[in-house]
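Trainee: Dropping a prediction and its sequence here:
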Amino acid sequence: MQFDQLKRRAFIRLLGSAAVAWPLAARAQQPTMPVIGFLDSRSPDTIADRLRAFRLGLKDTGYVEGENVTIVHRFAEDQDDRLPELAAELVRRQVAVMIATGVGAFVAKAATATIPIVFVAAEDPVRLGLVANIARPGGNLTGINLFNSELVAKRLDLLHELVPRAARIAVLVNPADVASTEATVRDATAAARAIGLQIQVVNANTGREIDSAFDTMTRDGYEALFVGASPYLSGRRVQLAQLAAFNRLPATYSNREYVEAGGLMSYGSNISDALRQVGVYTGRILKGAKPADLPVVQASKFELAINAATARMLGLTVPDKLLATADAVIE
């Protein structure tokens, strides 16, 4: 009898141990969520719409942040010299995929040759040295080409159509974004010469330099402004739009976000569409696709946006042709 009681007690203890061990074992066997690293030179509040579009692209492939994927953001807060260390943090974290925009794409490429990278590039990524081929990128990078530099001539033509009397055009660029600045200056110079305009390149890489740039433009009598494509300048779009309005300087920009902030006119790739595609590519890579086999997406949605209220404030009459072809007219 005593022996049977001892056996029962031992059996109960065994069951108790198993009950404790089973949840631990089950948790240990559950797969951990993949981690995506998002590297950007700006601050999060300036790209909130882009982040939403990126998450929508992820959702298209079945990934929802917090449910089956984690996103770790690293923002340089307009200090590009911080990007290498931020990229190194993501590498040490061993993220499954890294998203990199603008200058961050070059930093990410230098930081790792093994972690898949999906980039957003302003122009031809082959010429920039990011990939070997558009159709078959090779290596660990693929992404989106926004064609910003290729659209310089078109943007200058549209500005001339809106402000035909403006013959002296200031071209504002960010010198830290070397590749994009060189392409913008080259193409703007050629396009201006073709339609008889005079341009002056003005550099700005800080808020104070932007203020000084506008002082220079007004002092030297420039009649319109062409803002080059740059992640930094995009992050300062409210300041740029306000200064252009204050100095009564008609300006053209590279994307609709400027116009929504009060800028006069923009022509460029649909940024939300591009970031959604980045999300789709990220999801495909998480499911096993290799960047080397994913063709670089060539942006195909371009939009003309006009802020009619800003035009009226500047005393401009927007030609009916421009209004008819605009994808967005903001009142």
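Mentor: It's in.

Trainee: which residues of the stretch 51-200 of the chain fall in helices?
Mentor: Along the stretch 51-200 of the chain, counting by DSSP state H, counting those that start in this stretch, helices occupy 83-92, 103-111, 125-128, 152-162, 178-194.

Trainee: Now these in a markdown table, please, with extra columns for mean pLDDT.
Mentor: What follows is those, written out as a markdown table (pLDDT from 0 to 100):
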| stretch | mean pLDDT |
| --- | --- |
| helix 83-92 | 98 |
| helix 103-111 | 96 |
| helix 125-128 | 93 |
| helix 152-162 | 97 |
| helix 178-194 | 93 |
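
Trainee: Give me the below-cutoff pLDDT ranges for the chain.
Mentor: 1-31 (pLDDT under 70).

Trainee: Tell me which residue is most central in this protein.
Mentor: Thr101 (5.0 Å; Cα atoms, centre = their mean).

Trainee: ok, now which ones touch that one?
Mentor: Leu39, Asp40, Ser41, Phe119, Val120, Pro231 (Cβ atoms under 8 Å, 6 or more residues apart in numbering). C-beta here means a position set from N, CA and C on the backbone, and glycine is covered the same way.

Trainee: who does it bridge with?
Mentor: Val120 (DSSP bridges).

Trainee: Looks like Ala261 contacts Gln239 (just checking).
Mentor: No - the criterion here is Cβ atoms under 8 Å, and Ala261 misses it with Gln239 at 9.1 Å.

Trainee: of these two, who's got more company?
Mentor: Ala261 (18 against 15; other Cβ atoms under 10 Å).

Trainee: Spit out the contact partners of that one.
Mentor: Arg237, Val238, Ala241.

Trainee: Same question for Tyr253.
Mentor: Tyr253 touches Val227, Arg237, Leu240, Val259, Gly263, Met265, Ser266, Gly268, counting by Cβ under 8 Å, 6+ apart.

Trainee: would Val201 count as being in a strand?
Mentor: Yes - assessed by DSSP: H, G, I helix; E, B strand; the rest coil, Val201 belongs to a strand.

Trainee: Can you tell me the closest non-neighbouring residue to it?
Mentor: Spatial nearest neighbour of Val201, chain neighbours left out: Val171 (5.1 Å); criterion: Cβ to Cβ, 6 or more residues apart in numbering.

Trainee: Might one say that the one you found is in contact with Arg186?
Mentor: No - using Cβ under 8 Å, Val171 makes no contact with Arg186, being 10.9 Å away.

Trainee: Between those two, which has more neighbouring residues?
Mentor: A count of neighbours by other Cβ under 10 Å puts Val171 above the other of Val171 and Arg186, at 22 against 12.

Trainee: Give the full set of residues in contact with that one.
Mentor: Thr184, Val185, Ala188, Ile199, Gln200, Val201, Val202, Leu225, Phe226, Gly228.

Trainee: JSON lines for the residues you listed, including distance to Pro291 and neighbour count?
Mentor: Listed next are the contacts of Val171 as JSON lines, based on distance: Cβ to Cβ, whole Å; neighbours: other Cβ atoms under 10 Å:
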{"residue": "Thr184", "distance to Pro291": "28", "neighbour count": "28"}
{"residue": "Val185", "distance to Pro291": "31", "neighbour count": "16"}
{"residue": "Ala188", "distance to Pro291": "33", "neighbour count": "23"}
{"residue": "Ile199", "distance to Pro291": "38", "neighbour count": "19"}
{"residue": "Gln200", "distance to Pro291": "41", "neighbour count": "13"}
{"residue": "Val201", "distance to Pro291": "35", "neighbour count": "16"}
{"residue": "Val202", "distance to Pro291": "37", "neighbour count": "22"}
{"residue": "Leu225", "distance to Pro291": "38", "neighbour count": "26"}
{"residue": "Phe226", "distance to Pro291": "34", "neighbour count": "25"}
{"residue": "Gly228", "distance to Pro291": "28", "neighbour count": "28"}
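
Trainee: Of these, which pair is most distant in space?
Mentor: Val185 and Leu225 (14.7 Å; Cβ to Cβ).

Trainee: Map the structural domains onto the sequence of the chain.
Mentor: What automatic domain parsing lists as the domains of the chain is 35-148+271-302, 149-268+303-330.
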